[in-house]
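Student: got a sequence here, can you model it:
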Amino acid sequence: MKKNFYNIIKGKFLVSDDAPKNWRFIIFLSFLALIMIGSSHTADKKVHHIAQLSNDVKELKSEYLDVRKKVTQTKMESKITAALASRGLQPSETPPKKISITKQQ
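Tutor: Numbers count the residues shown, from 1 in each chain. A predicted model of the protein is given here:
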């Protein structure tokens, strides 16, 4: 057991008679490690992109709410009356009358 451990530490398994089998296995493990590293980097990029998009959505929702609030306030009758008062326009004091047309034959 102790001898096998020292042989592994010294790297004798890489230069022995059955070394090509060991090298193929090491190259295969290295290839799998590269694939794993690449896929984890791709997953991290996707996670960061999703987080950025969710932050953008939150910002756009808050901007939408602010704009909707401003539009609602500017459509109020009191705001329109105040804005038109500076131009000299006032709301009518007499209510509108309904005009009805009847058919005559």
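Student: what about the host helix or strand of residue 49, average pLDDT?
Tutor: Using DSSP states H and E, the element containing residue 49 is helix 19-74. Mean pLDDT, computed over helix 19-74, is 94.
Student: off-centre distance for whatever helix or strand residue 6 lives in?
Tutor: Assessed by DSSP H and E, residue 6 sits inside helix 2-10. Mean-position distance between helix 2-10 and its chain equals 53 Å (CA atoms, centre = their mean, to the nearest Å).
Student: output the contacting helices and strands for that helix.
Tutor: Helix 2-10 is packed against no helix or strand, with contacts defined by 3 or more CB pairs under 8 Å, 6 or more residues apart in numbering; DSSP states H and E. Placement of C-beta: from N, CA and C, glycine included.
Student: contacts for that helix?
Tutor: For helix 2-10, the external contacting residues (CB atoms under 8 Å, 6 or more residues apart in numbering) are residue 13.
Student: change the start of the numbering to 3 and stick with it
Tutor: Yep, numbering from 3; the last one is helix 4-12 now.
Student: got the CA coordinates for the helix or strand just after the helix holding residue 51 in CSV?
Tutor: Later in the chain than helix 21-76, the nearest helix or strand by DSSP H and E is helix 79-87. Taking Å, rounded to 0.1, in the frame of the first residue of the first chain, the C-alpha atoms of helix 79-87 are listed here in CSV:
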residue,chain,number,x,y,z
GLU,A,79,-60.6,69.0,-13.9
SER,A,80,-59.1,71.3,-11.2
LYS,A,81,-55.6,71.1,-12.8
ILE,A,82,-57.1,71.9,-16.3
THR,A,83,-59.1,74.8,-14.9
ALA,A,84,-56.0,76.2,-13.2
ALA,A,85,-53.9,75.8,-16.3
LEU,A,86,-56.5,77.5,-18.5
ALA,A,87,-57.1,80.3,-16.0
